[in-house]
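> Structure, please.
(chains A and B)
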Amino acid sequence: MASTPRAQAMTGAEAVRRSIEGGRTDWRSVAFQGFLVLLLVLTLAVLAWLLVVVFVNGVPVLAERGADFLFSPLASRPAEAGVGQAIVGSLYLMLFVALISFPLGIGAAVYLEEYAHDSRFTRLINTIVRNLAGVPSIVYGLLGLAIFVVALADFTGGRSLLSGGLTMAILVLPIVIITSAEALRAVPGAIREAAFGVGATRWEVVRSHVLPYAAPGIFTGTILSMARAFGETAPLILVGAVVGGFNVEYDNILGTLQGRYTALPTTVYDWARKPPSFSGNVYAAIVVLIVVLLLVNALAIYLRNRFERRW
Amino acid sequence: MKTRDPKPAEPERDVREGPTIRVMATQTLDESEQIEPAAAGEHGSLDFAADEVVFDLQSLSCFYGSFRAVRDISLRVPKNQVTAIIGPSGCGKSTLLRSFNRMNDLVDSARIEGRILYHGVDLYADGVDPVEVRRRIGMVFQKPNPFPKSIYDNVAFGPRVAGYKGNMDELVERSLKRAAIWDEVHDKLREPGTALSGGQQQRLCIARAIAVEPDVILMDEPCSALDPIATLKIEELMRELKQNYTIVIVTHNMQQAARASDFTAFLTMGEDRAGYLVEMAPTQDLFTRPAHRLTEDYITGRFG
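Numbers count the residues shown, from 1 in each chain, chains lettered A, B, ... in the order given. Reported below is the predicted structural model:
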């Protein structure tokens, strides 16, 4: 009781220290954190296991066959079969996606974001586009089958590269529209006002400002949509990607477009149904597919980081 | 009635219409009937000579959809003067300003009633091209918004789209000089405008507005994002620019209106949240001898 003021201060500090120093461990919090980590590990483990199996089985075949595997055509004997036609077919499909869905999709996005008035109709269109992006790809396959393969057979040549490419282009169109619209929306309204404020027309505002500033985002989105097209299998089976050996000389453009074709994922699907002697080829083809997809995604990420704009 | 000493703190400023001309807005809170254009002069408008009037607002109301943001404003904006629009937040100052160069056209739901005569021509008449209107009536925004392009291209964009055929380098230099930023940027015209400080960016935006050689410059709270030193620079600049341009500035900073403007219009909002004009007067008068109780309350900080 007869403590000096100094001593009182000490006990005061002591009390504060005791009250702010942690007491018991909060076990529930620890348990929850542990649970979250477990979920993460499980998720990654599945992915890692998948990749390990694919690479362990696929890389030896690739190493053994080398360029031969990448450039050989489909064949009935595993040791001779390669993904040459599949790669060319997939590249053609990506080219179609680029040529058809990019101009259409980016144009639609520019219209919806920059020109269309905010009406019930516009909102309906936006909702429809969003829902179309979620439609299963097999449905697009059926659409392609009905329209391009059957109804427009004279033009497309039936189950042809042209049919497949058009189907793929329609498949990714909603994604291109959505990602482009998001990139356009990310351009601040203040920039548009600034341009309008000095007497620019809407066309000049879009051409000189909005589109250039949104371009990195648009490119990223469109590249990812190409990757999507590259990896799709289901619609291609319906619209006639060939799943057996076939002979195509890729020298005559029109003949090629109206001719038979195959694509990398379709080839994987086909080989996977063949006798076990093909399993090495399957893994090797999957490795090629994954590597291409990773490269495309890496390009998209690089472009996004390289040109990302902060407002 | 007035209890405050009306003695001016400094000699009367050079206000050409004399110090005491002031008309109180005959604002009623109920729905006002359509005012005949001829009678509009009596409503909150100072009596300027006809050729001195740049904007003549006649019973202007602005709507967003069914919401009336600005109600029945009649006022006149004089040539080669700085006219400030003050008032509490949300009273429609910016909406009013944006109707002057048809910037509100960009908002789908926006429309106006009443008329805005610009040098006697109805800005909203059929056949008036808003793009041409905005070339003549430039705008500086609340937040500096340079294009993410070079300083040079920021200034040159307006003249380019206007089809300017003269020497662009000279025009860019002249515009930057008039905006009092040339000395700071003359050696880095190729660097991005976004790399400048906030105050510099705002002066760049003023240079950009000047470059199309407009008649009027609208400024929407141009200093609200700036520090006091940058603010003073912009205010100084406004005083210089009024030699060549008519300036209308929206500000929520009363000191700024008092320092930088020749005329001040005070807006407030009614119970329907629509802004209306309380009074417009030479700035000196409005701040020393407000005619309306609402004005007095606002400028003495009792309200708003």
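
> and after the lowest-mean-pLDDT helix or strand in chain A, which helix or strand comes next?
In chain A, no helix or strand scores lower on mean pLDDT, DSSP states H and E than helix A:253-258, which sits at a mean of 63. Remark: after helix A:253-258, the chain's next helix or strand is helix A:264-272, criterion DSSP states H and E.

> Next SSE downstream of that following helix?
helix A:279-307.

> in the chain, which segments are predicted with low confidence?
With no chain named, the answer covers chain A. A:1-10, A:23, A:240-259, A:309-311 (pLDDT under 70).

> um, chain B though
B:1-45, B:303-304.

> Close to chain A: what parts of it are there?
Taking CB under 8 Å from any CB of the partner chain as the contact definition, chain B meets chain A at B:101, B:103, B:106, B:108-109, B:131-132, B:134-136, B:138-139, B:141, B:143, B:145-148, B:157-158, B:161-162, B:205, B:208-209, B:211-212. C-beta: built from backbone N, CA, C; applies to glycine.

> hmm, which of these are the buried ones?
B:101, B:103, B:131, B:134-135, B:138-139, B:141, B:143, B:145-148, B:157-158, B:161-162, B:205, B:208-209, B:211-212 (16 or more other CB atoms under 10 Å in any protein chain shown).

> burial count for B:Arg102?
22 (other CB atoms under 10 Å in any protein chain shown).

> Now the helix ranked longest in chain A: buried residues?
Determined from DSSP state H, the single longest helix within chain A is helix A:27-65. For helix A:27-65, the neighbour count (16+ other CB under 10 Å) marks A:54-55, A:57-58, A:61-62, A:65 as buried.

> Now do the helix or strand just after that helix: which elements does it pack against?
Under the assignment DSSP H and E, the closest C-terminal helix or strand after helix A:27-65 is helix A:67-71. Applying 3 or more CB pairs under 8 Å, 6 or more residues apart in numbering or on different chains; DSSP states H and E, we find helix A:67-71 packed against helix A:84-96, helix A:279-307.

> Redo those as TSV? Include distance to B:Glu52 and mean neighbour count.
Below are the helices and strands packed on helix A:67-71 laid out as TSV (distance: least, CB to CB, whole Å; neighbours: other CB atoms under 10 Å in any protein chain shown):
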stretch	distance to B:Glu52	mean neighbour count
helix A:84-96	65	21
helix A:279-307	51	17
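
> nearest to chain B, of the ones you listed?
Ranking the helices and strands packed on helix A:67-71 by proximity to chain B (CB to the nearest CB) places helix A:279-307 first, at 10.9 Å.

> how big is the angle separating the closest one from helix A:264-272?
On the basis of axes from the mean of the first three to the mean of the last three CA atoms, to 10 degrees, helix A:279-307 is oriented at 160 degrees to helix A:264-272.

> do helix A:279-307 and chain B meet at all?
No: contact of helix A:279-307 with chain B (CB under 8 Å from any CB) is absent, the minimum separation being 10.9 Å.

> Centre of the chain to that helix, how far?
Distance of helix A:279-307 from the chain centroid (CA atoms, centre = their mean, to the nearest Å) equals 10 Å.

> Give me the distance between A:Tyr140 and A:Ile100.
Counting by CB to CB, to the nearest Å, the gap from A:Tyr140 to A:Ile100 is 14 Å.

> In terms of neighbours, single out the busier of the two.
Using other CB under 10 Å, the more surrounded residue of A:Tyr140 and A:Ile100 is A:Tyr140, with 24 against 18.

> Quickly find the element holding B:Gln58.
Here B:Gln58 is assigned to strand B:53-64, by DSSP H and E.

> Quick check: buried residues in the helix or strand following that strand?
Later in the chain than strand B:53-64, the nearest helix or strand by DSSP H and E is strand B:67-78. Within strand B:67-78, the residues that count as buried by 16+ other CB under 10 Å are B:68-78.

> returning to what we had before: nearest to A:Leu173, of the helices and strands packed on helix A:67-71?
Closest of the helices and strands packed on helix A:67-71 to A:Leu173 is helix A:84-96, at 11.7 Å (criterion: CB to CB).

> Tell me how far the closest one lies from the chain's centre.
That offset, for helix A:84-96, works out to 16 Å (CA atoms, centre = their mean).

> Any idea what B:Ile86 is bridged to?
Taking DSSP bridges as the rule, B:Ile86 bridges to B:Phe266.

> Isn't it up against B:Leu96?
No: B:Ile86 is beyond contact range of B:Leu96, at 11.5 Å (criterion: CB atoms under 8 Å).

> okay, and the common contacts of the two?
B:250, B:267 (CB atoms under 8 Å, 6 or more residues apart in numbering or on different chains).

> What is the burial count for the closest residue to A:Ile191 other than its chain neighbours?
Spatial nearest neighbour of A:Ile191, excluding adjacent residues (CB to CB, 6 or more residues apart in numbering or on different chains): A:His209 at 5.7 Å. By other CB under 10 Å, 21 other residues sit near A:His209.

> thought A:His209 was touching A:Glu193?
No: using CB under 8 Å, A:His209 makes no contact with A:Glu193, being 10.6 Å away.

> need the residues of chain A near chain B, please.
Near chain B, when you scan chain A using CB under 8 Å from any CB, you find A:117-119, A:188, A:190-201, A:204, A:208-209, A:213, A:309.
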